[in-house]
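> Below: sequence and its predicted model.
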Amino acid sequence: MLGNFDSLREISRNARGWSVGSLAFPRARSWRPSAVSSETTGNIDSRAQPRPQCLEHNRDGNDKKITRGVYAQELEVAARAVQLGCMLAQRVQERILRKEENAGSKDDKSLVTVADWGVQAVVSWVLSQAFGEEVSIIAEEDTKGLKGMNGIQTLQRVVAVVNECLSQASVVGLTPPSRKLGTIEVLRAINKGNSEVRSSRSWVLDPVDGTLGFVRGDQYAIALGMIEDGRVVLGVLGCPNYPMRPQWLNYHQKYYRLASKIAPPPPGKWHKGCVLTSAKGAGQAWMEPLVWNSDGSFLLNPPRVVAVSPVDDPAQATFCEPVEKANSSHSFTEGVADSLGLRKRPLRVYSMAKYAAIARGDAEIFMKFARAGYKEKIWDHAAGVLIVEEAGGVVTDAGGRPLDFSKGRYLEGLDRGIIVSCGTGLHRRIISAVDASWNSSKL
Ligand SMILES: Nc1ncnc2c1ncn2[C@@H]1O[C@H](COP(=O)(O)OS(=O)(=O)O)[C@@H](OP(=O)(O)O)[C@H]1O
Ligand SMILES: [Mg+2]
Ligand SMILES: [Mg+2]
Ligand SMILES: [Mg+2]
């Protein structure tokens, strides 16, 4: 048995919907499958797939379909929390691009924005409503940057965007709070992300992964995983800018700028954005395309099964990696790619959208080799690893061992770097190529 609902409050249903803890899920509006045609869905199974019984939920309005299967309610809550986060982040990104909002930097000089704090507050609030105040969340952000004279102004903008977003919670099937959250409540929600690591169950959140891509109007992700007894058992990956056509991943923000000048995407048509979900043991991963409205909200579409690419010939494989050399050695991976026989140019993409690309079958390989001494954080990988594995892919360190999510905030004991691929045959070849290149590298 992979999990149970002991820690969940009673799930109650009534004529208006159902609830988990104090979080009410109204009867969902019906799906609008016509918004995504089979030609626009990229490399996915174009037939809308029913979720297996353990993941069935009330989106068709049929309460009888709710089952107490493994992680069903957790996945439902997590998906809605991430969807709400996508809405908040996308609004902030548009404000940044219009220069109405800007990014700040943390003590370690990395970027942080109103969206990083806002998404953390919203997701934390939703999880606490569903699973109680005692819920354990390990998340990237803290509230240090929201103190002092400068911080107070930023905090006001965070509180405003959180309330703006929560007031529209019904878009993702959640009941909005009865009144606006106050500053203290927002700070408390953000700080909940600094929970002590628990051995039993913790949520792991990267509210905005790829903040650099985010402020540049490019790819970013909202990543929520759940760890139980040291293993990732649930993953939700929101990629609000993931393009309908995978080749557009290459365009970075230029595509969006160009596209918005030439022809705005028709309303009600899918052109970008998806949320990927899966749970341990499901043997499948799903993608829900987001269809954006002009007011910054979106329509959700039925989940569709995604699967990794069947390609195992390196000459045919697409390899992706971080955009910034500082985050992963491009020269090292170039050597690996060479000895492996990869022919295509690397696809450099910000954020965990790289995991999404592998899970969707849009790329075959993702490698990250950070500089010596850098410790990878669990929130940068948890959701992506689970989704790729359930979609049929493989994720290990360069020694071929699974990533260890049992040791707290960092991936302790990581051997050199992270390798993600679409299958075991290709994976073995990559590991051999890494070994061959390692001794001559300067990492
Ligand atoms: N020096 C160094 N080495 C390796 N990794 C680092 C480093 N510094 C930061 N980070 C983490 O990288 C996360 C962003 O990864 P990306 O794949 O988006 O990188 S890139 O911007 O495309 O280069 C980024 O996540 P976010 O902070 O959520 O954006 C960091 O957790
Ligand atoms: Mg960061
Ligand atoms: Mg990150
Ligand atoms: Mg982040």
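Yep, that arrived. Residues are numbered from 1 along each chain as shown. Ligands and ions are numbered 1, 2, ... in the order given.
> Could you use CA atoms for every contact and neighbour count after this?
Fine.
> Next up, the contacts around the residue in the stretch 251-400 of the chain that ligand 3 sits nearest to.
Proximity of the stretch 251-400 of the chain to ligand 3 (Cα to the ion) peaks at D380, 4.4 Å away. The contact partners of D380, taken as Cα atoms under 8 Å, 6 or more residues apart in numbering, are D206, D209, A223, M352.
> Next SSE downstream of the longest helix along the chain?
Counting by DSSP state H, the longest helix found in the chain is helix 72-97. Per DSSP states H and E, the first helix or strand lying C-terminal to helix 72-97 is strand 104-105.
> Who are the packing partners of that following strand?
Judged by 3 or more Cα pairs under 8 Å, 6 or more residues apart in numbering; DSSP states H and E, strand 104-105 is in contact with strand 111-112.
> does ligand 1 sit close to the helix or strand just after the strand it packs on?
Scanning forward in sequence from strand 111-112 by DSSP H and E, the next helix or strand is helix 114-131. No - for helix 114-131, no contact with ligand 1 is found by Cα under 6 Å from any ligand atom; the gap never falls below 8.4 Å.
> Please work out the angle formed by the directions of helix 114-131 and helix 72-97.
Counting by axes from the mean of the first three to the mean of the last three Cα atoms, to 10 degrees, helix 114-131 lies at 160 degrees to helix 72-97.
> Output helix 114-131 as CSV, nothing but the C-alphas.
Provided in CSV are the C-alpha atoms of helix 114-131 (Å, rounded to 0.1, in the frame of the first residue of the first chain):
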residue,chain,number,x,y,z
VAL,A,114,6.0,38.9,-6.2
ALA,A,115,5.0,35.7,-8.1
ASP,A,116,7.5,33.5,-6.2
TRP,A,117,6.0,34.7,-2.8
GLY,A,118,2.5,34.9,-4.1
VAL,A,119,2.4,31.4,-5.5
GLN,A,120,4.0,30.0,-2.4
ALA,A,121,1.3,31.7,-0.3
VAL,A,122,-1.6,30.5,-2.5
VAL,A,123,-0.5,26.9,-2.7
SER,A,124,0.3,26.8,1.0
TRP,A,125,-3.1,28.3,1.8
VAL,A,126,-4.9,25.7,-0.4
LEU,A,127,-3.0,22.8,1.2
SER,A,128,-3.6,24.1,4.7
GLN,A,129,-7.3,24.5,4.0
ALA,A,130,-7.5,20.9,2.7
PHE,A,131,-5.2,19.1,5.1
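> Let me know whether it sits next to ligand 4.
No - counting by Cα under 5 Å from the ion, ligand 4 is not contacted by helix 114-131; separation bottoms out at 6.5 Å.
> if you average pLDDT over that helix, what comes out?
Mean pLDDT, helix 114-131: 98.
> likewise stretch 372-392?
pLDDT averaged over stretch 372-392 gives 98.
> Run the chain-centre distance for it.
Distance of stretch 372-392 from the chain centroid (Cα atoms, centre = their mean, to the nearest Å) equals 11 Å.
> Just the pLDDT for N4.
Per-residue confidence (pLDDT) for N4: 31.
> my bad, should have said N250
pLDDT for N250: 76.
> Check the stretch 51-200 of the chain for the residue nearest ligand 3 and tell me.
For the stretch 51-200 of the chain, Cα to the ion, closest residue to ligand 3: E140, 7.6 Å.
> got the contact list for the nearest residue to that residue once chain neighbours are set aside?
Nearest residue to E140, sequence neighbours excluded (Cα to Cα, 6 or more residues apart in numbering): D206, at 5.7 Å. Counting by Cα under 8 Å, 6+ apart, D206 touches Q120, A139, E140, I222, A223, L224, W379, D380.
> I figured the second one hits I378, correct?
No - distance between A139 and I378: 9.1 Å, which falls outside the contact criterion (Cα atoms under 8 Å).
> can you list residues touching both of those two?
V204.
> May I ask you to name the longest strand in the protein?
Using DSSP state E, we find that the single longest strand of the chain is strand 231-243.
> Now do it against helix 72-97, angle only.
40 degrees.
> Sketch out the low-pLDDT regions of the protein for me.
Along the chain, the parts satisfying pLDDT under 70 run over 1-69, 198-199, 251-265, 267, 442-443.
> Contact residues of it facing ligand 4?
Checking the chain against ligand 4 by Cα under 5 Å from the ion, the hits are D206, V208, D209.
> so which strand or helix has the residue nearest to E140?
With DSSP H and E as the criterion, the answer for D206 is strand 201-209.
> What residues sit buried inside that strand?
Residues of strand 201-209 classed as buried: R201, S202, W203, V204, L205, D206, P207, V208, D209 (neighbour count, 16 or more other Cα atoms under 10 Å).
> again, but for stretch 420-434
In stretch 420-434, counting by 16+ other Cα under 10 Å, buried: V420, S421, C422, G423, L426, H427, I430, I431, S432, A433, V434.
> of those residues, closest to ligand 4?
Taking the buried residues of stretch 420-434 together and measuring to ligand 4 by Cα to the ion, the closest member is V420, at 20.1 Å.
> Report the spatially nearest residue to that closest one, omitting neighbours in sequence.
Leaving aside its chain neighbours, V420 sits nearest to V395 (4.5 Å; criterion: Cα to Cα, 6+ apart).
> Report how many residues lie close to the one you found.
Close neighbours of V395, defined as other Cα atoms under 10 Å, add up to 27.
> what's the distance between it and D404?
Separation of V395 from D404 (Cα to Cα, to the nearest Å) stands at 11 Å.
> Please apply the same query to E389.
Note on E389: its distance to D404, by Cα to Cα, is 14 Å.
> and those two? which has more neighbours close in?
E389 (26 against 19).
> right, and the more buried one touches P402 too?
No - if you go by Cα under 8 Å, E389 and P402 don't touch, sitting 10.8 Å apart.
> Now do the shared contacts for those two.
Joint contacts of E389 and P402 (Cα under 8 Å, 6+ apart) are V395.
> sorry, back to before: ok, the longest helix of the chain near ligand 1 or not?
No - applying Cα under 6 Å from any ligand atom, one finds helix 72-97 separated from ligand 1 by no less than 13.0 Å.
> and that helix with strand 201-209, angle?
Using the same axes, to 10 degrees: helix 72-97 against strand 201-209 is 20 degrees.
> can you give me the offset of helix 72-97 from its chain's centre?
Helix 72-97 sits 9 Å away from the centroid of its parent chain (Cα atoms, centre = their mean).
> for that helix, which positions count as buried?
72-94, 96-97.
> Run through the residues that contact the residue in the stretch 1-150 of the chain positioned nearest to ligand 4.
Using Cα to the ion, E140 is the residue of the stretch 1-150 of the chain that sits closest to ligand 4, at 6.0 Å. E140 is in contact with G193, L205, D206, P207, W379, counting by Cα under 8 Å, 6+ apart.
> Run through the strands of the stretch 251-400 of the chain in chain order.
272-279, 285-292, 298-300, 304-306, 319-321, 347-348, 365-368, 394-397 (DSSP state E, counting those that start in this stretch).
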